[in-house]
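1. The sequence and its predicted three-dimensional model are supplied below.
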Amino acid sequence: MAVRKLEHRPEELSNFPETGKYQWLELHNATKVYGYSAIAEHDNMLELHVTLVRWGRDVRENLEEDVEWLKEEARRLGKSQVMGIRADDRGQFDPRLFKFAGLFGFTEMHTIQMATLRVD
């Protein structure tokens, strides 16, 4: 298995709040870390965020195993689906996301834009 649960939020996911909502994961193979993930439970689904720090054939193969782990984790928690979410604070749309997600069985692709109004 290439997924390891972390006690603390990794620097690569520092834009996520540390509210106890997210579970932090390190993605690795036998030699190196290739990414980090955050998952959060919702009523009928798991919310998923992935940040890769390197890419290659071996990483893709490991990600296929990670998706199987994720599906099993969702089943264990009684969730019927996993929703992968990409956030980009620079406002950039990445057309590669849908192809990338499709490689691992994700369907029903959507584009969502959001803005925040703080009311301190």
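-> Received, thanks. Numbering: from 1, shown residues only.
2. measure stretch 100-115 end to end?
-> 25 Å (C-alpha to C-alpha, to the nearest Å).
3. How about stretch 112-120?
-> Span of stretch 112-120 from end to end, C-alpha to C-alpha: 25 Å.
4. How about stretch 109-118?
-> Length of stretch 109-118, first residue to last, C-alpha to C-alpha: 29 Å.
5. outside of it, which residues touch it?
-> 91, 93, 97-98, 101-102 (C-beta atoms under 8 Å, 6 or more residues apart in numbering). Every C-beta, even on glycine, is put in place using the N, C-alpha and C of the backbone.
6. how does it look with 6 Å?
-> Applying C-beta atoms under 6 Å, 6 or more residues apart in numbering, the contact partners of stretch 109-118 are residue 98.
7. Touching, residue 16 and residue 37? I think so.
-> No. Counting by C-beta atoms under 6 Å, residue 16 sits too far from residue 37 to count as a contact (10.6 Å).
8. more neighbours, those two?
-> residue 37 (23 against 17; other C-beta atoms under 10 Å).
9. Can you check the pLDDT for the more buried one?
-> Residue-level confidence at residue 37 comes out at 95, pLDDT.
10. Hmm, residue 25 and it touching each other?
-> Yes. Applying C-beta under 6 Å, one finds residue 37 in contact with residue 25, separated by 4.2 Å.
11. any idea which helix or strand comes after the longest helix along the chain?
-> Using DSSP state H to define each element, the chain has its longest helix at helix 57-76. Counting by DSSP states H and E, the next helix or strand C-terminal to helix 57-76 is strand 81-84.
12. List of residues touching that next one?
-> Under C-beta under 6 Å, 6+ apart, the answer for strand 81-84 is 45-48, 70, 74, 101, 106.
13. which parts of the longest helix of the chain are buried?
-> Residues 59, 62-63, 66-67, 70, 73-74 are the ones in helix 57-76 that count as buried (16 or more other C-beta atoms under 10 Å).
14. next one: stretch 98-115
-> For stretch 98-115, by 16+ other C-beta under 10 Å, it's 100-101, 104, 106.
15. How about stretch 76-91?
-> 79, 82, 84, 86.
16. any idea which residue sits dead centre in this protein?
-> residue 49 (2.4 Å; C-alpha atoms, centre = their mean).
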